[in-house]
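# no letters, just coordinates:
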C-alpha cells in the first residue's frame, strides 16, 4: 500500500478524484470549486472595508481559505513523505533544447538559471517571474476565475463562459510554450 501511495497516481485514478470534488462540494454545502477567489477573501479580511470590490460577507467563504490551506499543507506533507531522491526524468530532446537557451541545471523541480534571486535581476528573469505573475493574476480576475474554477467546476456545470475561458487558457498555453517562451529564454 505504501508503494502505491509513494508513486504518482495514473490519470484514471487522479482525474476522477479531482472530478469528484465538484459534486462533493455541491452536495455537501452548495459550494463552488476554485482557488483564485481565496485571494479576494484574504484581501477582504485584511484590507479596509471602504474598497467596494472587497465589501461582501467574506466570512461566509472562509471554508475556501481552509480548502486552500489544506492544499498547501497536503503539498508539504507529500513533499516530505513522498519525495523521491531519484533525479527528475526529462526527455533528452528537451534537455538539448533547454541547453541552447543556457539552461543546463535541470536536476530539481525549477531550473536554477531561471528561478533564483540572481536571475530575477535579469531581463529574462524579470519577464518570467514578475511580468508573468502579474499577467496570470490579471488574467485570472479578467476571466472571472482560474483554470481550476473554470475547467473543473464551470465545465462540469455546463457553463458557456467557462468553456470559452478554458479554450482561451489552452490556446494561451500553446502559444506561450511554443512561441513566446522560446523568445524569452533566448534573451
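Perfect, thanks for sending it. Quick caveat: nothing in here was measured; it's all calculated off a predicted structure.
# ok, then the element right after the helix or strand of the chain with the lowest mean pLDDT?
One helix or strand of the chain scores below all others by mean pLDDT, DSSP states H and E: helix 2-6, with a mean of 62. Under the assignment DSSP states H and E, the closest C-terminal helix or strand after helix 2-6 is helix 11-29.
# and that following helix, average pLDDT?
When pLDDT is averaged over helix 11-29, the result is 87.
# over to stretch 163-176?
93.
# from the chain's centre, how far out does it sit?
Chain-centre distance of stretch 163-176: 14 Å, with CA atoms, centre = their mean, to the nearest Å.
# could you list the buried residues of that stretch?
165-166, 169 (16 or more other CB atoms under 10 Å). C-beta coordinates here come from the backbone N, C-alpha and C atoms, glycine included.
# again, but for stretch 8-25
For stretch 8-25, the neighbour count (16+ other CB under 10 Å) marks 21-22, 25 as buried.
# let's have these in TSV, adding distance to residue 131.
Converted to TSV, the buried residues of stretch 8-25 look like this (distance: CB to CB, whole Å):
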residue	distance to residue 131
21	32
22	33
25	33
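# of these, closest to residue 65?
Using CB to CB, the shortest approach to residue 65 within the buried residues of stretch 8-25 belongs to residue 25, at 14.5 Å.
# still on that earlier bit, mind checking which of the buried residues of stretch 163-176 are in helices?
Applying DSSP state H to the buried residues of stretch 163-176, the entries found in helices are 165-166, 169.
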